[in-house]
Each structure stands twice: as structure tokens, then as C-alpha cells.
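Novice: Sequence plus predicted model, see below.
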Amino acid sequence: HAAEAQRTDLMTITRHALNEQGRHPESRGDFTILLSHIVLGCKFVASAVNKAGLAKLIGLAGVTNVQGEEQKKLDVLSNEVFVKALVSSGRTCVLVSEENEEAIFVDAPLRGKYCVCFDPLDGSSNIDCGVSIGTIFGIYMIKEKDNATLEDVLQPGTDMIAAGYCMYGSSCTLVLSTGNGVNGFTLDPSLGEFILTHPNIKIPKKGKIYSVNEGNAQNWDAPTAKFVEKCKFPQDGTSAKSLRYIGSMVADVHRTLLYGGIFLYPADKKSPNGKLRILYEVFPMSFLMEQAGGQAFTGKQRALELVPTEIHQRSPIFLGSYDDVEEMKSLYASES
Ligand code: AHM
Ligand code: MG
């Protein structure tokens, strides 16, 4: 197996995108260009996240730079990098970021046909203790290029043409779907390239893990409470599920995708719409789950069929292994 010890045929994310492009003869490479700008943003954030701890250790955080500006927080900095990378790609027209209250409409000369909804640095409360955080993105195609409106991003998730996330963890992993399955790429820091390491990811049909913030249990609705009770005290002779909850959506969803199980951010009495945002958290992760053979459900409907009316709108979400989500669905069905 000596030949396998060192891989010599490297499938970079760009090469992969170009291959995919080959399946669409009409394509002029716009998506590949857009993706390379997203990848640049991810590499920048990966590098900044790696330095974040060190900067603090040596007292750099909060200091002022030569221009007298205070050093930017990592989430603000990441947002600026993504917005600039996306605009300068010349392939975008409407951008929705968790960090910007209003949607950004790209000026005519740089305008392209894609709309990108993203959370540049999700789970940022985890930065200071070195826990994995991530970037999440969902991509739509504009309806009429010369007339971009908010309607172009207030579309059901089924209209998304691509979605993905990048996890800044013990390694940096980018998981992407362009509607033809799910692939995972790991950043090789010595090459500065994302290499295909997880081709055609399929989520196990049923999992042994549930992932939820149980601190909210007193405010849950009956189906959520019942589901979690069944995870802990199964009555059908199966063994209890393990609980894993990082509190960083990208990391919790990544584990769910690879190991199977279910991730829940349900509605509760205090937050009737849950916490997570439809456009740049719920939709991209639901798209990936479905593409990997799993399901995503809101408690009322298939998550991707939601039609948002506001860009920062929230929704409850249950996503993961097909059978586990199916069980959640039947608990809601038997309630009504
Ligand atoms: P953020 O966008 O403010 O970082 O919040 C989103 C994060 C998700 O990554 C994670 O799934 C969730 O909040 C955890 O919430 P909680 O602390 O309520 O369990
Ligand atoms: Mg977020």
C-alpha cells in the first residue's frame, strides 16, 4: 500500500466545482468563481480564528492599531471579509448576513446573478474557549438580473441552488452541496487548498445521538419533551441515545451528518419560533441534510418548504437521520 500512503491526485474544491460545471454545458463558470470567493473568505476566517487565542494571550485584543482604530471583533471582521469577497466576485446581487440588519444590494457594475445568505461566524460566543465555530451559507439564483429585490431572497429553501458550511475546528472542513449530494473538503494548511476528504456524505438512516439545549426543557412543547424522554428512557427495548450538545450549530450539525442522530432547536414558551434563523442557519443545514439522505422538519412542515417573509426570521428546527426525524414528525402528527 506504499502508493496510497501519499496521495498524489488531489481533488481540490475548485477542481471539483469545475467537474460539476462540466455537467451543465450552458454554464459559464460563474458559480465556480463565486465559490472561489467564498472559499477565500473561509480561509481568511480559519486563519483569524487560529490566531484569536494567541492574540489574546499576548495582549493584542482590544489594542488600537496605527490608525487608532480599535481591533475589530472576529465576527465583525469576518463579516467584512465575506461581504467584500462576495461583492468583488462580480457574481452576486443580493447579500443577507446575520451581521447586517438590512440586505445588501450590490451596485450595478459588479452585479451578478447569485444571492447569498450567510452567517459569517456562527457560534461566536464559543471563540474565547476555543470551541469549534463556523460559517454557514445558502445560495439562490436571482429572478431578473436588472431588478434585484428582497423577494429574491425571500424564497422557499427548495429554491436554493447550493448550500454549505465551513467548520473551524481541530481541522478546517468545508461541506458543500450543489444539489447533487454532499461533499466534504478539508483545508490542507501547507497547500492552502481544500481537498476532497469526505466524498458523497450520506447520513446514517438512524442514529444513537440526540443534540439539544436541555436547559430549555421546562419551556418545551409536548412533542419535543416526549421525544427527548424517549431518547433517555426508550420503551421499545432499544438502548438509550447519547446526548451531545456543543452549542455551536455548525459543529453539532457536522457531527450529526457524519455520525447520525438528530439535532433539535425547538420552539419553546419563551421563543415560539425557536432561535435559529431561516435564511442562513435553518435552510442551508436542511438542504445539506436532505441531500445526505436525512430530513429537516419544523414541527409543522418540511423545513425547506417554509417561505420566509423577513430576512432574519427564525424557525424551530429538527434535522438529522431519516428515521429519527420521522419519529419526531409522528409525535407532532399524533398531537394535532
Ligand atoms: P449566534 O448566531 O448568536 O452565534 O447563535 C447561534 C448559535 C448556534 O450556533 C447554536 O446552535 C445555538 O446558537 C445555541 O443556542 P443555545 O445557546 O440557546 O443552546
Ligand atoms: Mg448565527
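Specialist: Nice, I can see it. Ligands and ions are numbered 1, 2, ... in the order given.
Novice: wait, isn't M160 in contact with P284?
Specialist: Yes: if you go by Cβ atoms under 8 Å, M160 and P284 touch, sitting 7.4 Å apart. C-beta coordinates here come from the backbone N, C-alpha and C atoms, glycine included.
Novice: what stretches of the protein score poorly on pLDDT?
Specialist: In the prediction, the chain carries residues with pLDDT under 70 at positions 1-5, 53-71.
Novice: Closest to the centroid, which residue in it?
Specialist: Residue closest to the mean C-alpha point of the chain, counted by Cα atoms, centre = their mean, is I136 at 3.3 Å.
Novice: Quick check: bridge partners of that one?
Specialist: D119, Y165 (DSSP bridges).
Novice: how about the helix or strand hosting C115, does it reach ligand 1?
Specialist: Under the criterion of DSSP states H and E, C115 resides in strand 111-122. Yes: on the criterion Cβ under 6 Å from any ligand atom, strand 111-122 is in touch with ligand 1 at D122.
Novice: likewise stretch 249-269?
Specialist: Yes: interface with ligand 1: stretch 249-269 contributes 249, 252, 265 (Cβ under 6 Å from any ligand atom).
Novice: show me what contacts D252?
Specialist: Shown in contact with D252 (Cβ atoms under 8 Å, 6 or more residues apart in numbering): 211, 244-246, 263.
Novice: which bits of the protein sit near ligand 2?
Specialist: Counting by Cβ under 5 Å from the ion, the chain comes close to ligand 2 at 119, 122.
Novice: Residue of the chain nearest ligand 2, please.
Specialist: The nearest approach of the chain to ligand 2 comes at D122, 3.8 Å away (Cβ to the ion).
Novice: Can you report how many residues neighbour E151?
Specialist: 11 (other Cβ atoms under 10 Å).
Novice: My error: substitute A103 in the last question.
Specialist: Based on other Cβ under 10 Å, the number of other residues close to A103 is 20.
Novice: Could you do the one 3 residues further on as well?
Specialist: The number of residues packed around V106, counting by other Cβ under 10 Å, is 22.
Novice: where along the stretch 201-336 of the chain do the strands fall?
Specialist: 209-211, 242-243, 262-265, 295-297, 317-320 (DSSP state E, counting those that start in this stretch).
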